[in-house]
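What follows is a predicted protein model with its sequence.
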Amino acid sequence: MIISNYIKLRITKALKTLVAMTVIFLCIIGCSKNDSSDSSQVEERSNPTNISPKEKTINPDELGVISKNKVAEWEKIDDPSEDGWKTELLANQANKQLKKLGSLFFKEGSLNDLVSSLIATDPLTPESLELIFKDKTITVHKGSKNENQPKAGTQHLEKELNSVRQKRTGSDDANHAKFKIISIKKENGSAQKKFTTEVLFSLNFRTEKSIIEKHAKWSVQWDGEQEKPKIDKIRVLSFNQTSSSQSEKIFTDVTGSALGSNDCYKTQLSYGMNHWLTRLPVRAMLNRFGTPGISIGDVNGDGLEDIYLCQEPGLPNRLFIQRKNGTLMDVSAEWGVDWLEDSRSAIIADFDNDGDQDLAVAVYGMVLIAENDQQKHFVPAITLKTSWSTASLAAADYDNDGLLDLYVCAYVQEDNGESIGAANNQFVYHDAENGASNLLFKNETRQSGKLSFVNATEEVGLNINNQRWSFAASWEDFDNDGDQDLYVANDYGRNNLYRNDAGKFTDIAANTNTEDSASGMSVTWADYDRDGRMDLYVSNMFSAAGNRITEQQQFKSKTTDKIRDRFRRFARGNTLLRNIGSSFEDKSIIAGVNMGRWAWGSNFVDFNNDSLADLVVANGYLTSKEETGDL
């Protein structure tokens, strides 16, 4: 998962050559500190406010920015027309044609260069739609797979294009049509150059009253006889449509109004991650991904939730107190928590049982816990030595003694900013076991109130399968026996499910269908089917190129089917695991929740107050050309 920005864009090439993983990761090591944009783009998006002329003359080569020449060199190497991956050449050509088709939803144009004389399609919006959900804000319909033969000609295609063009309003920025080719197959034994792609289609546009979203999976058959392939047939395999009222907004961006009165918002927070990556003493691999955490809790006891924001090295952490009007006030310095250390995550919780919320912050090399002195101040009380590369924290009372204990996830061993630990033959991409060790700290704070923690990792059995690249962990009593069990999401391979039996842990992931071997980045629990058992959702990565490449016969052709399947799993996306008692069932595809893109975090949350657990997934990567705020 740790891939530099421009290699992520060219992930097709990486997946093709996974048979030589050592070589690939040496390449990644050399490139991971680079941003995907040229110097002019960096300067453009790094100056939302006044920047001095001196700052504008910074040499981009010194900042680690990839130059246009370097990108050109890579693209010359990664040429599917020359490297034997003909299916990728066809996918590239088909994608260009689909992009042109997408533009016709919003402007007049001819279909002649896009479709063949044999064109036949299903109705792109099924004629019969089933109502799935409706409230005052959102309406969701689902269409079933069309069992009839597709109709010859362009009638269905033109009907859909005309319908959107006539209904849509607003600027082009508010409307988009996008395609992802997730599989490609050439027809064997045919004199004609025919091939078929499976395509994810998404369409978003505004009407006078509504915002319409259409999502579908198409099977598209192509005629590749000419230089630019043309569409022979479109079958609609699945379809759903969501409409929401423009007058009844679901969410409103209040970042500016909530934080705008603070100087730090104008001078630091509004600049965006790309600006600071070129100016900070970045020393660790995770710095490049903008992953510091946020913790929410009521630190001053007024009944309102406050926010603690972790930041990269050299930028002070921020504590924002919520006012009654919903705005936030920066009190970091006053409360003594404007630390400059490289902070990865935080938890606001009452660790000493004195009735107020304390603060635990994972920085590189240790966890710092500060006590709340009930006088608008945090007092550093204890540091817990950890692996250098801390990633996240999870707190629970695992031994039922009334005190919150702390689990610390760690990622890479000896992270010095230049190596990800893959530059040796001990690293196995699909099943890495050379990550840093996670730690469990048992809370032994006594009646005196003085905070005390001891490392209990080995004592309780959490040292088993504990050399994986861990991003996140979450506690939950999944077996309903009265104690807290632990799930750990790991990058580069298998996850852990540690069952708690009276304070002793056993990793049962292999026996409960919960290993979910992929790029685990977060985990969340909820009883989504309301059967009394807690279910799991794990954030991973979805890759259209990965889905295409790993299905080709020449991909890792000399290895076993089991290992090939493991690599396919890396491209599939997020995972929903339904708790069935003694084990878990993978419901990701059936429930339609695997396509979370490049997913960093997720949470079950009942956002519309109907008592059902909805899913929110944060996704994205540092590849946008502008600081749009979009993920």
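Nice, thanks for sending it over.

for the top strand by length along the chain, which positions count as buried?
As assigned by DSSP state E, the longest strand anywhere in the chain is strand 230-245. Residues of strand 230-245 classed as buried by neighbour count (16 or more other Cβ atoms under 10 Å): 230-236, 239-244. In this view, the C-beta of every residue, glycine as well, is placed from N, C-alpha and C.

Can you tell me the strand partners of it and which way each runs?
strand 115-121 (parallel), strand 138-143 (antiparallel), strand 210-223 (antiparallel) (DSSP bridges).

helices and strands around the helix or strand just after it, which ones?
Next along the chain after strand 230-245, taking DSSP states H and E as the criterion, comes helix 255-259. The contact analysis (3 or more Cβ pairs under 8 Å, 6 or more residues apart in numbering; DSSP states H and E) places helix 255-259 against no helix or strand.

Let me know the next secondary structure element after helix 255-259.
Moving toward the C-terminus from helix 255-259, the next helix or strand (DSSP H and E) is helix 263-267.

What mean pLDDT does that next one get?
Summarised as a single mean, pLDDT over helix 263-267 is 91.

Can you list the neighbours in contact with that helix?
For helix 263-267, the surrounding residues in contact (Cβ atoms under 8 Å, 6 or more residues apart in numbering) are Thr49, Gly256, Leu259, Gly260, Arg318, Asp330.

and which of the residues you listed is nearest Leu98?
Using Cβ to Cβ, Gly256 comes nearest to Leu98 of the contacts of helix 263-267, at 36.6 Å.

and the closest one, how far is that from Asn513?
Relative to Asn513, Gly256 is positioned 45 Å away (criterion: Cβ to Cβ, to the nearest Å).

More neighbours: these two, which one.
Ranked by neighbour count (other Cβ atoms under 10 Å), Gly256 and Asn513 place Asn513 first, with 15 against 10.

Over to the more buried one: give its phi and psi.
For Asn513, the backbone dihedrals (degrees, to the nearest 10) come out as phi 60, psi 40.

isn't it right up against Ser583?
Yes: between Asn513 and Ser583 there is a contact at 5.3 Å, judged by Cβ atoms under 8 Å.

out of all of them, which helix in this structure is the longest?
Counting residues, the longest helix found in the chain (DSSP state H) is helix 86-103.

Stretch 594-614: end-to-end distance?
14 Å (Cα to Cα, to the nearest Å).

which parts of that stretch are buried?
Asn594, Met595, Gly596, Arg597, Trp598, Ala599, Trp600, Gly601, Ser602, Asn603, Phe604, Ala613.

ditto for stretch 149-163
Buried residues in stretch 149-163 (16+ other Cβ under 10 Å): Pro150, Thr154, His156, Leu157, Glu160, Leu161.

For those, work out which two are farthest apart.
Farthest-apart pair in these is Pro150 and Leu161; separation 16.6 Å (Cβ to Cβ).

As a check, name the ranges of all strands in the stretch 501-631 of the chain.
Taking DSSP state E, counting those that start in this stretch to define them, one finds strands in the stretch 501-631 of the chain at 504-507, 522-526, 535-539, 575-579, 584-586, 599-605, 614-619.

Just say which of the ones you listed is most tucked in.
Of all the strands of the stretch 501-631 of the chain, strand 535-539 has the most neighbours on average by mean count of other Cβ atoms under 10 Å, namely a mean of 26.

tell me the average confidence for it?
pLDDT averaged over strand 535-539 equals 94, rounded to a whole number.

again, but for stretch 510-524
Throughout stretch 510-524, pLDDT has a mean value of 90.

Between its first and last residues, how far does it reach?
Length of stretch 510-524, first residue to last, Cα to Cα: 19 Å.

residues of it that come out buried?
Thr512, Thr514, Glu515, Asp516, Ser517, Ala518, Ser519, Gly520, Met521, Ser522, Val523, Thr524.

Dump the residues you listed to TSV, plus distance to Val428.
Below are these laid out as TSV (distance: Cβ to Cβ, whole Å):
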residue	distance to Val428
Thr512	23
Thr514	20
Glu515	15
Asp516	17
Ser517	11
Ala518	14
Ser519	14
Gly520	15
Met521	19
Ser522	23
Val523	22
Thr524	27
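
from these, which is closest to Ser210?
Relative to Ser210, the closest of the buried residues of stretch 510-524 is Thr524; by Cβ to Cβ it sits at 30.4 Å.

hang on, the earlier thing: would you list the strands paired with strand 230-245 in CSV and tack on mean neighbour count, mean pLDDT and distance to Ala410?
Shown next, in CSV, are the strands paired with strand 230-245 (neighbours: other Cβ atoms under 10 Å; pLDDT from 0 to 100; distance: least, Cβ to Cβ, whole Å):
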stretch, mean neighbour count, mean pLDDT, distance to Ala410
strand 115-121, 19, 91, 52
strand 138-143, 17, 92, 40
strand 210-223, 19, 92, 38
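
Distance to Asp477 added to those strands, as a markdown table?
Below are the strands paired with strand 230-245 laid out as a markdown table (distance: least, Cβ to Cβ, whole Å):
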| stretch | distance to Asp477 |
| --- | --- |
| strand 115-121 | 51 |
| strand 138-143 | 33 |
| strand 210-223 | 35 |
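
Please identify which of those is closest to Asp401.
strand 138-143 (45.0 Å).

sorry, back to before: can you list the strands of the stretch 501-631 of the chain in a markdown table and add distance to Asp135?
Supplementary listing: the strands of the stretch 501-631 of the chain in a markdown table, determined by distance: least, Cβ to Cβ, whole Å:
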| stretch | distance to Asp135 |
| --- | --- |
| strand 504-507 | 42 |
| strand 522-526 | 20 |
| strand 535-539 | 23 |
| strand 575-579 | 23 |
| strand 584-586 | 29 |
| strand 599-605 | 16 |
| strand 614-619 | 12 |
